[in-house]
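Peer 1: curious how this folds, go ahead:
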Amino acid sequence: SRPRPLPRPMSDPLAVLPLAAAAGGGRLDGLDAPALVAAGVTLLQRSAPLVRALAGRRSAILLPTGPAYFVALAASDGRGAVLVNPLAAPAEIAHQLEDADVGAVFTTSALAARLPAEVPRVLLDEAPRAARVVAGAREQDVDLTAHRGGALDLVGDTASEGRDEEAVVVYTSAMAGRPLGAILTHRNLIANARATVEAAQLTPLDHALAVLPFAHLFGLVVSGVAPLLAGARVTTMERFNPIRAVELIESTGVTMVVGVPAVFAALLQALERRGGRLAGGALRLCICGGAPLPVALQERWAEATGVELRQGYGLTEAGPVCLFNRVDRPNRRGTMGTAFPGVEVAIHDPSTGAPLPDGAEGEICVRGPNVGPGYVRDGALGLPRWGEWLRTGDLGVRDADGAVTFRGLCKPMFTRNGFNIYPRELELAIAALPGVRAVTVRAIPEPAREHDIALDVVGDVTADAVRSWAADRLSAYKQPSAVTVTPA
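Peer 2: Sure thing, here's the model as predicted:
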């Protein structure tokens, strides 16, 4: 595994992701970002059991999207924090915690039930007011209100590139059957958030509606960190509800929505149920990524809202955004836009690695300060590189103006509701069910969710047994829509 140095003393606090975000002076769900970060710092200062649990180890965050996320990031004290999807199954969570050598998990009472019993946890149900640290038989209640944001030192270089040390670990790229822990540094994420501020022209007057999970870098960086860096407001939704989201857009001055195609399709459906058009509001910016965006959806969205739906492109290993139809240029519907500020994007021959000219189809490759250093372990099973160029496993064509159009995949995966589905991961999980002789995963095209999942199983099992096995071992978004069993 990759060596993991201990965090350095905070000679420049703004080189650490949560403190850099807080220094922008924005607000999250009506709470000042500096107060959230101060609560996290206070938690670490006041809990010796937490300090001992984290000594020389990573933290993990198993939380819904909301203010507590930034408390947890700050309490991680600059070390790598594993961002665990709340939709993950207990077996997946256990693998990530063990693989990344996690010392303690920031979570809630409800989600803590999914954790291995022996793992120390910090319950943030009442954050940023209070926390409960549970380590073995010992429980400690911690008052987090000491700072109130006022005593937090946010003086530093506001242009700091960020530390070249781990900030987060996100499990992804399960092409070989097991998700790998992709490492992103403070420098990677701060660079991508600043590029978002520039490309989206964010200002303190903006108000972002965050509907994506912060466990997904697209949600954390683009709808969370970037607006806070700009001094803007962020309103979160712990669970996406399209009807409620439309109400918030129309009535609370939301200017920015970030989502995957399925989110915008659901918002359109909610609009169509009550007349088809957005009734007022301040919406100016809609950013879509995570999966290919149909032009028809862009057209319907623009007609219903009067706002262009701007497509981008990225991947976890690149922090995440690499391409975007930036706000200061006309929206090129059907394309993923041009290179993000500070990012280089090229098209290479997938077989030889040779750069290809504009107009030729090849593998999208990226490099820049957003690209992470690698994985926790087993990096040879992840996305490969040609020198400094990260190979994305995605195919595209770049035109003379630099806009890139998605053309497909050269890696074994597909998407569902913006989440990556790796067939080999599902096949290995189902193959472990006693009685299964063989299993094949197929993608079923489904316009509202990109794809559904079909399992073709050979063996002496029932479809119900397969579904039950999958429910216990795989995330909610990896559950099969159709199961066909052929007797062995």
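Peer 1: and the spatially closest residue to G368 that is not a sequence neighbour, what pLDDT?
Peer 2: Among residues not flanking G368 along the chain, V343 sits closest, at 4.0 Å (Cβ to Cβ, 6 or more residues apart in numbering). C-betas here are computed from N, CA, C, even on glycine. For V343, the pLDDT comes out at 98.
Peer 1: go on, S11?
Peer 2: pLDDT recorded at S11 is 56.
Peer 1: mean confidence for stretch 25-43?
Peer 2: 95.
Peer 1: same check on stretch 129-146?
Peer 2: pLDDT averaged over stretch 129-146 gives 93.
Peer 1: now do stretch 215-234
Peer 2: 98.
Peer 1: just the endpoints, please. Distance across that stretch?
Peer 2: 16 Å (Cα to Cα, to the nearest Å).
Peer 1: what about the helices in the stretch 351-488 of the chain?
Peer 2: 423-431, 463-473 (DSSP state H, counting those that start in this stretch).
Peer 1: just name the most buried of those helices.
Peer 2: Greatest average neighbour count among the helices of the stretch 351-488 of the chain goes to helix 423-431 (a mean of 19), per mean count of other Cβ atoms under 10 Å.
Peer 1: now do it: everything it contacts.
Peer 2: The contact list for helix 423-431, computed with Cβ atoms under 8 Å, 6 or more residues apart in numbering, reads 174-179, 412-414, 436, 438-443, 453, 455, 457, 466, 469-470, 473-474, 478, 480.
Peer 1: could you tell me the angle between that helix and helix 463-473?
Peer 2: Counting by axes from the mean of the first three to the mean of the last three Cα atoms, to 10 degrees, helix 423-431 lies at 110 degrees to helix 463-473.
Peer 1: pull the distance from stretch 107-127 to the chain's centre.
Peer 2: Relative to its chain's centre, stretch 107-127 lies at 20 Å (Cα atoms, centre = their mean, to the nearest Å).
Peer 1: list the buried residues of that stretch.
Peer 2: By neighbour count on 16 or more other Cβ atoms under 10 Å, the buried set for stretch 107-127 is 107-108, 111-112, 114-115, 119-124, 127.
Peer 1: who wins for proximity to A215 among the helices of the stretch 351-488 of the chain?
Peer 2: helix 423-431 (17.3 Å; Cβ to Cβ).
Peer 1: in the stretch 201-350 of the chain, which spans are helices?
Peer 2: If you assign secondary structure with DSSP H, counting those that start in this stretch, the helices in the stretch 201-350 of the chain sit at 217, 226-229, 242-251, 261-273, 295-305.
Peer 1: tabulate these (TSV), appending mean neighbour count.
Peer 2: Converted to TSV, the helices of the stretch 201-350 of the chain look like this (neighbours: other Cβ atoms under 10 Å):
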stretch	mean neighbour count
helix 217	29
helix 226-229	30
helix 242-251	17
helix 261-273	19
helix 295-305	16
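Peer 1: show me where the stretch 301-450 of the chain has its strands.
Peer 2: Along the stretch 301-450 of the chain, the stretches classed as strands by DSSP state E, counting those that start in this stretch are 309-314, 321-324, 338-339, 344-348, 362-367, 374-375, 385-386, 389-398, 404-409, 414-416, 419-421, 436-446, 450-459.
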